[in-house]
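> Provided below for reference: sequence and predicted model.
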Amino acid sequence: MSGLRRILGGPLDLPLERDGSGRFLPWIVALMVYIAALALAGMMALHGAAERWQAALAGTLTVELPPGDAARDDAVLAVLRATPGVRRADLLDKAATVKLLEPWLGAGLDPGDLDLPRLIDLRTDGGAGFDEAALATRLAAAAPEARLDDHHRWVDPLLRTALAAEILGASIVLLVGAAAVLSIVFATRTGLAIHQGAIEVLHLIGARDTYIARQFQWQALRLGLRGGLLGLAAGGLTLAGFAAAGRSPSLAGMAAGLPRLALTPLGWTALALLLPGAGLVALVTARVTVLRSLARMP
Amino acid sequence: MVRFDNVGMRYGAGREVLRDITMRLAPGGFYFLTGPSGAGKSSLLKLIYLAERPSRGLITLFGHDLATTPRRELPALRRKIGVVFQDFRLIPHLSALDNVALPLRVAGLRGERVRNNVAELLRWVGLADHLDARPATLSGGQQQRVAIARAVVSRPSLLLADEPTGNVDERGAERLLRLFVELNRQGTTIVIATHSESLIRRFPHTRLHLEGGELTTTMQLQAEYQ
């Protein structure tokens, strides 16, 4: 019966499963997929945080005025409200201004102790109807001492840092992929060396290179998927642990200010794609390696 | 069927092991390739079964000039050639049946009919009770019969055998040669490399004799008896 099963196209002509050349491949692929999963999750979390930061600040500006001139403040407010594209312009009272300083100066500050500037919270429609340069010109005409702050001064470095971290994450994924490819190439070449005699026989009785390559590629696919599944499961558990830690009141303080690692369904889908990705990389790498090696035969 | 014109061959940068070989093998012919050890018999066979390429000269196989035949077309040519290797070269982890079925598998044939044909062939060579035996469990003579069955299973146009009688006694060798003669009667061109003079005198053949990598004699000889 075993012979019949073989003839019907089941097992391989080459005993690749038993030769040991791919014994460690699933573990290597598992580690690679695990690292890639964490790097990808980090990238997606940072990207989400950067988008939230940008969205939160989109269409908001602050006008800062020296204190002590209520008539000028009203004039500036009138100019702002008359500017096309401006939805709202609200003068913050002293209490609200003091509240903004609480993180740095602490609570219980008496507004009378400091000569605080007056702040105007400006909301625009964020569309093409708003011209920030034109507003700056009009503001300078109404109150030359006014300062318009569009928040880019402190948001831009944050966004640049987030972008750098995303590029770093993508580089890690690429490096991990390259390391996985090298591991598969090494395992495949070992298999080719172990089975050189049998491969020569197959070649000489008329097997096409693709027939021989197919045996290696399906074996690599099996090992790649096995490793991918293991790495993805470990990665998923780690990320779920991070997400749970972020929700825990006792641990939330430690993670304050860090991007949340809780992934969206799209994020989980992207991570799940690492599994077929690992299988596909293993399959294609093994196939190319074998075909390149066989091309040297007559 | 096979044509060599001024063919030379060397392994790597070594000396030429074959020099200025010019010969024709006709369809349906029966050839003994003779010569002392190291004369180049195995190298000549390797050129015919496309395991090596010539370093110079022209080889035409089944009407294809090998110098201009694309590599992708060579497997189809190899499938027309059956080879009995000197060391059999059976695949150790496959059963006798699977080893013999291998040429059919690589040609894309599968199924119960293939198995039946292969089993029938193994019965013909006297291995009906060893279909599922691994090569390591078979004797030298049994392994040789598996190798012969593998070489003929796809009904090749050309059968090459490198020292096929080296592992069997004289009676076994004669029985083997009669098998080759039978295949030859059915239309297969046979080329047998051997240095057993006593054996080849008993069979009708054309003799190709190699000395020091050169083809020195090509003669048609009659059998002492048939």
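Nice, I can see it.
> so for the residue minimising distance to the centre of chain A, what's the pLDDT?
Geometric centre of chain A, nearest residue: A:M43, 1.7 Å, by Cα atoms, centre = their mean. Here, the pLDDT recorded for A:M43 equals 88.
> residues contacting it?
Contacts for A:M43 (Cβ atoms under 8 Å, 6 or more residues apart in numbering or on different chains) come out as A:A165, A:E166, A:G169, A:A170, A:V173. Backbone N, C-alpha and C define where each C-beta goes, glycine included.
> what strand or helix carries the last one?
Spelled out, it's A:V173. A:V173 belongs to helix A:152-194 when assigned by DSSP states H and E.
> packing partners of that helix?
helix A:25-57, helix A:209-247, helix A:274-294 (3 or more Cβ pairs under 8 Å, 6 or more residues apart in numbering or on different chains; DSSP states H and E).
> mind putting the ones you listed into a markdown table with distance to B:L210?
As requested, these are exported to a markdown table (distance: least, Cβ to Cβ, whole Å):
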| stretch | distance to B:L210 |
| --- | --- |
| helix A:25-57 | 48 |
| helix A:209-247 | 32 |
| helix A:274-294 | 31 |
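> quick one: closest of those helices to B:R171.
helix A:209-247 (39.2 Å; Cβ to Cβ).
> checking A:A133 next. Helix, strand or coil?
Secondary structure for A:A133, judged by DSSP: H, G, I helix; E, B strand; the rest coil, is helix.
> so it versus B:E174, what's the distance?
105 Å (Cβ to Cβ, to the nearest Å).
> who has more neighbours, the two?
The residue with more neighbours, out of A:A133 and B:E174, is B:E174; 16 against 7, by other Cβ atoms under 10 Å in any protein chain shown.
> tell me the secondary structure for the more buried one?
Under three-state DSSP, the three-state class of B:E174 is helix.
> so it touches B:R202, yeah?
Yes. B:E174 lies in contact with B:R202 (Cβ atoms under 8 Å); the separation is 7.1 Å.
> near chain B, which residues of the stretch 101-250 of chain A?
A:G197, A:A198, A:E200, A:V201, A:L202, A:H203, A:L204, A:I205, A:G206, A:A207, A:R208, A:Y211 (Cβ under 8 Å from any Cβ of the partner chain).
> for PyMOL, write the selection for the buried entries among those residues.
To isolate the buried members of these in PyMOL, using 16 or more other Cβ atoms under 10 Å in any protein chain shown:
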select buried, chain A and resi 198+201+202+203+204+205+206+207+208+211
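> dump the residues of the stretch 101-250 of chain A next to chain B to JSON lines, plus pLDDT.
Shown next, in JSON lines, are these (pLDDT from 0 to 100):
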{"residue": "A:G197", "pLDDT": "91"}
{"residue": "A:A198", "pLDDT": "92"}
{"residue": "A:E200", "pLDDT": "94"}
{"residue": "A:V201", "pLDDT": "94"}
{"residue": "A:L202", "pLDDT": "95"}
{"residue": "A:H203", "pLDDT": "95"}
{"residue": "A:L204", "pLDDT": "95"}
{"residue": "A:I205", "pLDDT": "94"}
{"residue": "A:G206", "pLDDT": "94"}
{"residue": "A:A207", "pLDDT": "94"}
{"residue": "A:R208", "pLDDT": "94"}
{"residue": "A:Y211", "pLDDT": "93"}
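> so what pairs up with the spatially most central residue of chain B in the strands?
Residue closest to the average C-alpha location in chain B (Cα atoms, centre = their mean): B:L160, at 1.5 Å. Partner residues in beta bridges with B:L160, using DSSP bridges, are B:V83, B:V191.
> and it, how far from B:L25?
Using Cβ to Cβ, one gets 10 Å for the distance from B:L160 to B:L25.
> mutual contacts of those two, please.
Joint contacts of B:L160 and B:L25 (Cβ under 8 Å, 6+ apart) are B:V191.
> how about A:A234, what does it touch?
By Cβ under 8 Å, 6+ apart, A:A234 lies in contact with A:A30, A:Y34.
> so for it, what's the pLDDT?
Model confidence at A:A234, given as pLDDT, is 95.
> re earlier: quick one: which of the contacts of A:M43 is nearest chain B?
Distances from chain B to the contacts of A:M43, taken as Cβ to the nearest Cβ, are shortest for A:V173 (36.7 Å).
> how about the contacts made by that closest one?
Going by Cβ under 8 Å, 6+ apart, A:V173 touches A:A36, A:A39, A:L40, A:M43.
> ok, and the most crowded of the residues you listed?
Result: A:A36 is most packed of these (other Cβ under 10 Å), 26 neighbours.
> got a list of what that residue touches?
A:I172, A:V173, A:V176, A:G177, A:G231, A:G235, A:L274.
> which residues of chain B fall in helices?
For chain B, the helices defined by DSSP state H cover B:41-48, B:74-78, B:96-106, B:112-124, B:140-152, B:170-185, B:197-200.
> reformat the ones you listed as CSV; add distance to B:L61 and mean pLDDT.
Formatted as CSV, those follow (distance: least, Cβ to Cβ, whole Å; pLDDT from 0 to 100):
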stretch, distance to B:L61, mean pLDDT
helix B:41-48, 7, 95
helix B:74-78, 6, 95
helix B:96-106, 17, 94
helix B:112-124, 25, 89
helix B:140-152, 17, 91
helix B:170-185, 19, 84
helix B:197-200, 25, 77
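> get me the contact residues on chain B for chain A.
Residues of chain B found near chain A (Cβ under 8 Å from any Cβ) are B:49-53, B:71-72, B:74-76, B:78-79, B:83, B:89, B:91-95, B:97-98, B:101-103, B:105-107, B:110-112, B:114-115, B:131-132, B:150.
> which of the residues you listed count as buried?
By neighbour count, with 16+ other Cβ under 10 Å, these hold B:49-52, B:74-75, B:78-79, B:83, B:89, B:91, B:93-95, B:97-98, B:101-103, B:105-107, B:114-115, B:131, B:150 as buried.
> list buried residues within the contacts of A:M43.
Among the contacts of A:M43, the ones that count as buried by 16+ other Cβ under 10 Å are A:A165, A:E166, A:G169, A:V173.
> relative to B:D169, which of those residues is nearest.
Closest to B:D169, out of all of the buried ones among the contacts of A:M43 and judged by Cβ to Cβ, is A:V173, at 66.2 Å.
> can you tell me how far the nearest residue to B:H209 once chain neighbours are set aside is from chain A?
Once flanking residues are discounted, B:H209 sits nearest to B:T217: 3.9 Å by Cβ to Cβ, 6 or more residues apart in numbering or on different chains. From B:T217 across to chain A, the span is 28 Å (Cβ to the nearest Cβ, to the nearest Å).
> most tightly surrounded among the helices of chain B?
Highest mean neighbour count among the helices of chain B (mean count of other Cβ atoms under 10 Å in any protein chain shown): helix B:96-106, with a mean of 25.
> now the angle from that one to helix A:209-247?
90 degrees (axes from the mean of the first three to the mean of the last three Cα atoms, to 10 degrees).
> for helix B:96-106, what is the distance to the chain centroid?
Offset of helix B:96-106 from its chain centre (Cα atoms, centre = their mean, to the nearest Å): 17 Å.
> run through who's touching that helix.
A:3, A:6-7, A:13, A:201-202, A:205-208, A:211, B:75, B:79, B:82, B:90-91, B:94, B:114-115, B:117-119, B:121-122, B:127, B:130-135, B:138, B:142, B:146, B:149-150, B:153-154.
> hey, C-alpha coordinates of it in PDB?
Extracted C-alpha coordinates of helix B:96-106, given in PDB (Å, rounded to 0.1, in the frame of the first residue of the first chain):
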ATOM      1  CA  ALA B  96      12.200  -1.800  -5.400                       C
ATOM      2  CA  LEU B  97       8.800  -1.000  -6.900                       C
ATOM      3  CA  ASP B  98       9.300   2.700  -6.300                       C
ATOM      4  CA  ASN B  99      12.800   2.700  -7.700                       C
ATOM      5  CA  VAL B 100      11.600   1.000 -10.800                       C
ATOM      6  CA  ALA B 101       8.600   3.300 -11.100                       C
ATOM      7  CA  LEU B 102      10.800   6.400 -10.800                       C
ATOM      8  CA  PRO B 103      11.300   7.100 -14.600                       C
ATOM      9  CA  LEU B 104       7.500   6.900 -15.000                       C
ATOM     10  CA  ARG B 105       6.900   9.200 -12.100                       C
ATOM     11  CA  VAL B 106       9.200  11.900 -13.400                       C
END
